[in-house]
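Engineer: the sequence and its predicted three-dimensional model are supplied below.
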Amino acid sequence: MPKAIIIHETGGPDVLRWENIDPGKPGPGDVCLRQEAVGVNFIDVYHRTGLYPLPSLPAVPGLEGAGVVEAVGAGVTGFKPGDRVAYAGVPPGAYAEVRCIPAHRLVPLPDGISTRKAAGMMLRGMTARYLLFGCYPVKAGDRILIHAAAGGVGSIVCQWASHLGAEVIGTVGSAEKAKIAQKNGCHHPIIYNEVDFAEKVKAITDGKGVDVVYDSVGQATFMQSLDCLRPMGTMVSFGQASGSVPALDIGILAAKGSLFLTRPSLMTYTARREDLLAHARDLFSVVESGTVTISIGQTFALEDAARAHQALEARQTTGSTILIP
C-alpha cells in the first residue's frame, strides 16, 4: 500500500506522520498520479500549525508536486497513463507517494523539465509570475525590493526581474546568501541583520524609494517595507514567515505616500484553467530558455518531511526544497 505524510492534529513538525494510505481510484474528472517529487513551501508549515486551517483532519498536506499519470477517471481528456505532469495549488495532498487530483489542476510537463525540477519550481515560479506581472507590472527601469532574495521565490524573482530590466534590491540573512542572491541577478543584496534595510534602500535609491516591495516575511519586515516605497508605490505582502502582520490603520498608507497594498494568493491568480496554463507556460518558457535557473537547494526523503519543515522554519534553506517519495 502507498504511504503518505498525514496530519492528525496541528502543531510542530512532529505531527507529520508517515503512514499507509489508500488513494482510491480516480473519480470522474480526476487523475491518479504516481509522484516522483514533491515541493515544500511555507504554506505547508501554515497548514501544519493551523495558521491556515486545512479543510478537515486527518489530512495529507502539500500543494506542489510532479509525477506520472497512472490512471484517469471518467470524462478526463487531455491526459492519459504515462503522461508527465506537474501542479501547484489546491487541493492539498501532495505529501504522498500516490494521489488522486482533479485533472483541471494539472499541467503537461515539457520534455526538457524533469519532475524534480518541476516540484521545485511550480508554486514558487508561478508565484513569481503573478508578482511580476499581476500585482505590479515590472518593466525596464523599475526598482524593486524582494525579501528573502536567496529563497525559493526570491531566487526566481531576482532572475526574472533582472531579465525584465529592473534594478533588483534584496534582503538576505547572511553573506553566503548575499552571494547567492547576487548570482541570481540581485544588484544590491542587503544583509538585514547587519543594517537597517529601509535606510539602505533609501541610500541605494537616492531617497526616492522603490516602485514595489515583495514581502513574504510578514511581521518582522512589514512596517519598514512601507518606508522603502516611493509615493504611490505598491506593497505586496504574500507571506508571513516571521508571523502575521498586525492589524493596520489604513490611514498609514496615505501618510506614507498614498501607497497601494495587496495580499495576493496563487490560488486566486490561477483559479481559472486558462490562467493556470498561462502562468505555467510563461514559467516553462523562461526556464527552458535559461533565463531562469531553478536551484534545488535541499532534497529530503518524503518520510523525512519533518526535517524539511525544521530546516525551512530555521531559515537554513536556499532555493527550493523537495521531497522524494
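Structural biologist: Everything's here; your move. Numbering: from 1, shown residues only.

Engineer: and Gly82, what does it touch?
Structural biologist: Val68, Val69 (C-beta atoms under 8 Å, 6 or more residues apart in numbering). (C-beta placed from N, C-alpha, C; glycine too.)

Engineer: typo on my end, Pro53
Structural biologist: His47.

Engineer: cool, Leu302 as well?
Structural biologist: Lys3, Ile5, Trp18, Val38, Tyr95, Ala96, Glu97, Leu323, Ile324, Pro325.

Engineer: okay, now Tyr87: neighbour count?
Structural biologist: 30 (other C-beta atoms under 10 Å).

Engineer: what about it, which SS state?
Structural biologist: Following DSSP: H, G, I helix; E, B strand; the rest coil, we place Tyr87 in the strand state.

Engineer: bridging residues for it?
Structural biologist: In this structure, Tyr87 bridges to Gly65 when assessed by DSSP bridges.

Engineer: and the pLDDT at it?
Structural biologist: On the pLDDT scale, Tyr87 is placed at 98.

Engineer: now do the phi/psi pair for Pro61.
Structural biologist: phi -80, psi -180 (degrees, to the nearest 10).

Engineer: an error on my part: the question was meant for Arg116.
Structural biologist: Per degrees, to the nearest 10, the backbone of Arg116 is at phi -70, psi -50.

Engineer: look up how far Phe284 lies from it.
Structural biologist: Per C-beta to C-beta, to the nearest Å, Arg116 is found 15 Å from Phe284.

Engineer: also Ala301?
Structural biologist: In terms of C-beta to C-beta, Ala301 sits 27 Å off from Phe284.

Engineer: these two - which one has more neighbours?
Structural biologist: Phe284 (21 against 12).

Engineer: gap between that one and Gly185?
Structural biologist: Phe284 is 19 Å from Gly185, by C-beta to C-beta.

Engineer: for Pro13, same thing?
Structural biologist: Distance from Pro13 to Gly185, counting by C-beta to C-beta: 33 Å.

Engineer: between these two, which one's more packed in?
Structural biologist: Comparing Pro13 with Gly185 by other C-beta under 10 Å, the one with more neighbours is Gly185, at 21 against 17.
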